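[1] sharing a model that was predicted from the sequence below.
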Amino acid sequence: MAFAHEANDWRQYKMSWYDPHRRLEPLEQEVAVVDAGLVALARAGVLPHAAYDHDKLLAHRAAVEEHFEIPWTAISHRMQRLLYAINAIRRPRVMVAVGIFCGNTFISNAGAAIGPGACYQAERLIGLEIRPAEADRARRNVNRFRDGQNAPFPAEIVAHDGLVWLRDCQDVIDLLYLDADGPGASGKSIYLDLLMAGQHAFRPGALVLAHNSVNSAHTMADYLAYVRHPAHFRQSVNMIVDDQGLEASLF
Ligand SMILES: C[S@@+](CC[C@H](N)C(=O)[O-])C[C@H]1O[C@@H](n2cnc3c(N)ncnc32)[C@H](O)[C@@H]1O
């Protein structure tokens, strides 16, 4: 089973990657669009319910704006809310994010468990970035969320190839977030390789989130065909809330 959930106005909703904190629409509209998506995920059985703390999301957003150095990002406010909410609802014990660049994608997921938006205690939140300088920046950014956090701090930024890390992973992964891009024109075709490398770590109920299901649908075609096949994943939903998109797949 697989389907697309589409916000009517996603083609008109356009952010500037170099001005990611600018509000593009009234807050109520952003909430309504994302909540409709969460309800669709809950109805499809991908999430247990659609409820999360809206004020905590705003506290998380304010802390990211205050503390993170973000040279650019394609994570819109809608996508930030969607990622935060999915994590806040699913509450992964172990969350792994691959291809985290400056850490904004990582914290959009991990912010449900660390910082002022925290609503549960995670055990491990791992961010993987292959470029050491970007991993260093992401680590500096994420460490600014340590203040007020009860020890131990579960977030860990690792400068490593996600393919190798996932292949060698001996933990159970409850939520895997994919955002790496492969060399040259291969781009997001690396997603299927990453999925294969980490699949041994999934148990029934694991969630896999793949960014760029809309704008990179072409290079992700093999990945999308795989997760949308009922023999591989129980459910997969293309969440078209903006022009990037997120494929949310239930193992
Ligand atoms: C385009 S960025 C993601 C940006 C993100 N969508 C955002 O809007 O903030 C993709 C990142 O994946 C990293 N990457 C590429 N291949 C990787 C791999 N095999 N393992 C880990 N990171 C990788 C790149 O270095 C890059 O920083």
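    Great, that's in hand.
[2] which secondary structure element is home to Leu41?
    Using DSSP states H and E, Leu41 maps to helix 27-43.
[3] count of neighbours near the closest residue to the ligand within the stretch 51-200 of the chain?
    The stretch 51-200 of the chain approaches the ligand most closely through Gly99 (2.8 Å), counting by CB to the nearest ligand atom. The way it works is simple: take the backbone N, C-alpha and C, and place the C-beta from them, glycine included. The number of residues packed near Gly99 is 24, by other CB atoms under 10 Å.
[4] how far away is it from Phe106?
    Taking CB to CB, to the nearest Å as the measure, Gly99 falls 10 Å from Phe106.
[5] hey, which helix or strand in the protein has the poorest pLDDT?
    Within the chain, no helix or strand scores below strand 2-6, which has a mean of 95 by mean pLDDT, DSSP states H and E.
[6] so which elements touch it?
    Contact analysis of strand 2-6 by 3 or more CB pairs under 8 Å, 6 or more residues apart in numbering; DSSP states H and E lists helix 27-43, strand 235-240 as its packing neighbours.
[7] deepest in the core, which of those is it.
    Among the helices and strands packed on strand 2-6, the stretch with the highest mean neighbour count (mean count of other CB atoms under 10 Å) is strand 235-240, at a mean of 23.
[8] could you name the helices and strands sitting against that one?
    The helices and strands touching strand 235-240, judged by 3+ CB pairs under 8 Å, 6+ apart, are strand 2-6, helix 27-43, helix 221-227, strand 246-250.
[9] just how off-centre is the first one within its chain?
    By that I understand strand 2-6. Between the centre of strand 2-6 and the centre of its chain there are 17 Å (CA atoms, centre = their mean, to the nearest Å).
[10] for that strand, buried residues please.
    2, 5-6 (16 or more other CB atoms under 10 Å).
[11] buried set for stretch 5-25?
    In terms of neighbour count (16+ other CB under 10 Å), stretch 5-25 has its buried residues at 5-7, 10, 13, 15, 20, 24.
[12] relative to the ligand, which of those residues is nearest.
    Using CB to the nearest ligand atom, Pro20 is the member of the buried residues of stretch 5-25 that lies nearest the ligand, at 8.4 Å.
[13] now the residue of the stretch 51-200 of the chain closest to the ligand: how far from Asp9?
    Taking CB to CB as the criterion, Gly99 is separated from Asp9 by 28 Å.
[14] what of Ala185?
    Summarising the geometry, the distance separating Ala185 from Asp9, computed by CB to CB, is 31 Å.
[15] what does the stretch 1-150 of the chain put close to the ligand?
    Counting by CB under 6 Å from any ligand atom, the residues of the stretch 1-150 of the chain lying close to the ligand are 73-75, 98-99, 101, 104-105, 128-131, 134.
[16] how about the CA coordinates for the helix holding Leu41, as PDB?
    These are the backbone C-alpha positions of helix 27-43, laid out as PDB (Å, rounded to 0.1, in the frame of the first residue of the first chain):
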ATOM      1  CA  LEU A  27       1.000  30.000  11.600                       C
ATOM      2  CA  GLU A  28      -2.600  28.600  11.600                       C
ATOM      3  CA  GLN A  29      -2.200  27.700   7.900                       C
ATOM      4  CA  GLU A  30       1.200  25.900   8.500                       C
ATOM      5  CA  VAL A  31      -0.400  24.000  11.500                       C
ATOM      6  CA  ALA A  32      -3.400  23.100   9.400                       C
ATOM      7  CA  VAL A  33      -1.400  21.800   6.500                       C
ATOM      8  CA  VAL A  34       0.900  19.700   8.700                       C
ATOM      9  CA  ASP A  35      -1.900  18.400  10.900                       C
ATOM     10  CA  ALA A  36      -3.800  17.200   7.900                       C
ATOM     11  CA  GLY A  37      -0.700  15.300   6.900                       C
ATOM     12  CA  LEU A  38      -0.300  13.800  10.400                       C
ATOM     13  CA  VAL A  39      -3.900  12.700  10.400                       C
ATOM     14  CA  ALA A  40      -3.300  11.000   7.000                       C
ATOM     15  CA  LEU A  41      -0.200   9.200   8.500                       C
ATOM     16  CA  ALA A  42      -2.200   8.100  11.500                       C
ATOM     17  CA  ARG A  43      -5.100   6.800   9.400                       C
END
